[in-house]
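[1] missing the sequence, but the structure's below:
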C-alpha cells in the first residue's frame, strides 16, 4: 500500500497491527461463500462476516453476492476507511498469503513517519500547505512533533466514534482525561501552557516554555479533522469557560478549578448568553444579589445556548450585580459550582449535538462571595478580554471544517463513477473543487497571519489592534465554511443528505455551519464591529499625524 494513497497511512497502521494473524490462500477463502459461512477479502485482509450479515445497513445480500471473493472494489465504493478501523478487531481473522497485507503484517511494527517535508494523506488541499512540502516561517520541529501526536490520538480515540457520539448527543467524559494524559488538554485555553495546573507533559515532547499560539492552532486543527463540531466544541467549553478564572480569579479559585479541569476530571462552561441577550452582553438580566449576611450572592436568571452546560461541574457566569440599568458597568463574573437551584436542560439544535448546548435556570442559588472572579462590576471587561481568543478558535474550526469538506469531496470525486467516468473527470466538479480550494487556502493564510500577530504581540496590544481583523476573520471563516459545506454536499449528492455512511462528515458539517456563523458574535455583528474599530483607528491615526505635523 502506498503511503501517498488516499488510504495509505491508515492501512499500513492497520496491517502492521496484525503481524501475528493467520494467513489464508484465496482458494481457502473461496470455500466460505454462503449466507451461513461468509468470508470476504478487503485490501488483502480476510473478514469473517457471517454473524455480521443481518446487521449490515445495506442488507446481507450485498455481502453474500461477494462471499468468498475479493470485495475491495465494492467496499471502497461504498465505505470509508473508518469502517475498517471500527470493525477490524471483531471481524478480521487473517490475511491473504502473498498479498501486500501479508507482507506488511510480517514487517516490524514501526510508527509511520513523514517523508521529508511531506505529511499526511497528501490529498490536494486536504491539509495546510506546510504539510505538503511548502516552506513556512511559522512552524518548527516542535509543531511537527505535536501535529503527529495529535493526529495519532484523533484517529485512534475520536474519529471512529464521532458519529456515534453525535447521535448520542454526548462525548464520554473519559475523553478529556485521555486528552490530558496525551498532553493535549492544557493547550486549548489561550496560547500558553500553564505548567502549574496542566503539568509538564505535552504531546510530541514539546516543552512548556516552547508552547505558543501556533501549537494551540495545531492541536485544534488536528482535532478538527474528525469533522464534528460536537466533539471540537466539547473542548471549546473549556477554552472559553476556564480562561476568565485563570486570568482574573483568586488563587483560591484557580487552585479549586484549574487543576481538575485541565486534568480532565471536571468540566467547566461559560454562561453569558441569555434568552434576551446574545451579542448584547451589556443588557443581560441574570442577577446576583448579596445576602443579608454578606457571605453569599443569590443568583436568579436564565442562560441559553450554553456549550457543555448540561455536563458542567463549574459554571463561569455573567451576572448583574449593579442596578437594573447599569449596563456594562454593572456586570460581574461568578464561578458557580453545580448545586441546588441549578437546572440544566439539553437543547435540540441543528448541530454540534455532542457538545451539550444547554438551557440553564438559576433559582435562588447561593454562591459564596469568595467565588467572585476579579472585582465586582468589572465582569464586562473580563468577558471582552477573552473574546479575541474565542473568535480565533471559531475561525480555526471553520478553516479546518472547510478543508474537511474539500478533502471529503475530493476523495469522493476520485472514486465515484457517473456516466462512465469518475466525478473528478467532469469539468463542473473540478470547478467546484477549485472554488473551494482557493477560498480555503486564502482563509488559512489569513488565519496564520493573525496567529503570528497573537504570537508576537502582548495581550494588551493584541486586544487593541486585533479586535477588528479578528472579527473579519471570524466572519470570513464561517462564510467560507458555508460555501464549502454546500458545494461538498452537491458533489456527494444523496449521500450528504443521509446521517452516517460515506457522506457522514459533510452531512453533519452542513448542519453545523450556523454554529460558526452565529455564536461568539454573529457575522453581522462581527462585520459592523470591524468597521467601527477601523473608523476609530482612523481618528486616532489622524490625531497622531496632526500632532506630528505640528511638531515639524
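    That came through fine. Not measured: the values here are computed from a predicted model.
[2] Could you use CA atoms for every contact and neighbour count after this?
    OK.
[3] Quick one: low-confidence residue ranges for this structure.
    Residues of the chain meeting the criterion pLDDT under 70: 1-20, 101-116, 545-552.
[4] give the contact list for the residue nearest the centre of it.
    Relative to the mean C-alpha position of the chain, the nearest C-alpha, by Cα atoms, centre = their mean, is the one of residue 232, at 3.0 Å. Residue 232 makes contact with 220, 223-224, 355, 397 under the criterion Cα atoms under 8 Å, 6 or more residues apart in numbering.
[5] May I ask which two of these are separated the most?
    Between any two of those, the greatest separation by Cα to Cα is 15.3 Å, found for 220 and 355.
[6] Compare these two (neighbour count), which wins?
    residue 355 (29 against 23; other Cα atoms under 10 Å).
[7] measure that one to residue 72 for me?
    36 Å (Cα to Cα, to the nearest Å).
[8] where exactly do the strands run in the protein?
    Counting by DSSP state E, the segments of the chain that form strands are 22-24, 39-42, 45-48, 92-96, 268-271, 287-290, 296-306, 314-320, 331-337, 342-346, 358-368, 372-373, 417-418, 421-422.
[9] Out of those, flag the one nearest residue 448.
    Residue 448 sits nearest to strand 268-271 of all those, at 26.4 Å, using Cα to Cα.
[10] Now do that closest one: which elements does it pack against?
    For strand 268-271, the packing partners by 3 or more Cα pairs under 8 Å, 6 or more residues apart in numbering; DSSP states H and E come out as helix 229-241, strand 296-306, strand 314-320.
[11] Now do the second one and helix 229-241, the angle between them.
    Here strand 296-306 runs at 150 degrees with respect to helix 229-241, directions being taken by axes from the mean of the first three to the mean of the last three Cα atoms, to 10 degrees.
[12] Counting by contacts, list what strand 296-306 packs against.
    Using 3+ Cα pairs under 8 Å, 6+ apart as the contact criterion, the elements in contact with strand 296-306 are strand 268-271, strand 287-290, strand 358-368.
[13] hmm, 10 Å instead?
    Other helices and strands packing on strand 296-306, by 3 or more Cα pairs under 10 Å, 6 or more residues apart in numbering; DSSP states H and E, are strand 268-271, strand 287-290, strand 314-320, strand 331-337, strand 342-346, strand 358-368.
[14] Mind putting those into a markdown table with distance to residue 205 and mean neighbour count?
    Output for the helices and strands packed on strand 296-306, formatted as a markdown table (distance: least, Cα to Cα, whole Å; neighbours: other Cα atoms under 10 Å):
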| stretch | distance to residue 205 | mean neighbour count |
| --- | --- | --- |
| strand 268-271 | 27 | 28 |
| strand 287-290 | 45 | 21 |
| strand 314-320 | 31 | 25 |
| strand 331-337 | 33 | 26 |
| strand 342-346 | 38 | 18 |
| strand 358-368 | 37 | 20 |
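[15] Make TSV out of those and add distance to residue 210.
    What follows is the helices and strands packed on strand 296-306, written out as TSV (distance: least, Cα to Cα, whole Å):
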stretch	distance to residue 210
strand 268-271	26
strand 287-290	41
strand 314-320	29
strand 331-337	31
strand 342-346	39
strand 358-368	36
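[16] about what we covered before: possible to save the helices and strands packed on strand 268-271 as JSON lines with distance to residue 68?
    Formatted as JSON lines, these follow (distance: least, Cα to Cα, whole Å):
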{"stretch": "helix 229-241", "distance to residue 68": "39"}
{"stretch": "strand 296-306", "distance to residue 68": "52"}
{"stretch": "strand 314-320", "distance to residue 68": "56"}
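[17] For residue 150, find the nearest of the ones you listed.
    Taking Cα to Cα as the criterion, helix 229-241 is the member of the helices and strands packed on strand 268-271 that comes nearest to residue 150, at 13.2 Å.
[18] Could you check how far that closest one is from the centre of its chain?
    The gap between the average C-alpha position of helix 229-241 and the chain average comes to 8 Å, counting by Cα atoms, centre = their mean, to the nearest Å.
[19] Also stretch 353-367?
    Centroid separation between stretch 353-367 and its chain, computed with Cα atoms, centre = their mean, is 23 Å.
[20] With stretch 368-384 instead?
    Counting by Cα atoms, centre = their mean, stretch 368-384 is centred 29 Å from the centre of its parent chain.
[21] Give me the buried positions along it.
    Buried positions in stretch 368-384, judged by neighbour count with 16 or more other Cα atoms under 10 Å: 368-374, 376-380, 382-383.
[22] One more: stretch 21-33?
    Going by neighbour count (16+ other Cα under 10 Å), the buried part of stretch 21-33 is 21, 23-24, 26, 29-30, 32-33.
[23] Just give me the closest of those residues to residue 306.
    When those are compared against residue 306 (criterion: Cα to Cα), the nearest one is residue 21, at 48.2 Å.
[24] ok, for the closest one, nearest residue in space, not its chain neighbours?
    Beyond its immediate neighbours in the sequence, the residue positioned closest to residue 21 (Cα to Cα, 6 or more residues apart in numbering) is residue 94, lying 4.9 Å away.
[25] what do you get for residue 339?
    For residue 339, the nearest residue in space outside its immediate sequence neighbours is residue 365; the separation is 7.6 Å by Cα to Cα, 6+ apart.
[26] Then residue 78?
    Across the structure, with Cα to Cα, 6+ apart as the measure, the residue nearest residue 78 apart from its sequence neighbours is residue 502 (6.7 Å).
[27] So that neighbour is in contact with residue 75, correct?
    No. Applying Cα atoms under 10 Å, one finds residue 502 not in contact with residue 75, separated by 11.1 Å.
[28] list residues touching both of these two?
    Contact with both residue 502 and residue 75 is made by residues 81, 83, according to Cα atoms under 10 Å, 6 or more residues apart in numbering.
[29] quick revisit: my read: the residue nearest to residue 339 touches residue 334, true?
    No. Applying Cα under 10 Å, one finds residue 365 not in contact with residue 334, separated by 11.6 Å.
[30] Give the residues shared as contacts by these two.
    Shared contacts of residue 365 and residue 334, defined by Cα under 10 Å, 6+ apart, comprise 288, 297, 299.
[31] Might one say that the last one is in contact with residue 339?
    This means residue 299. No. Taking Cα under 10 Å as the contact criterion, residue 299 and residue 339 are not neighbours in contact, 11.8 Å apart.
[32] The two: who's more crowded?
    Using other Cα under 10 Å, the more surrounded residue of residue 299 and residue 339 is residue 299, with 26 against 13.
[33] residues contacting the more buried one?
    Residue 299 makes contact with 286-290, 317, 319-321, 334, 336, 341-342, 361-367 under the criterion Cα under 10 Å, 6+ apart.
[34] Residue 163 versus that one, what's the distance?
    Noted for residue 299: a distance of 37 Å to residue 163, by Cα to Cα.
[35] still on that earlier bit, out of the helices and strands packed on strand 296-306, nearest to residue 154?
    strand 268-271 (22.0 Å).
[36] Give the closest residue to residue 356 in space, chain neighbours not counted.
    residue 308 (4.8 Å).
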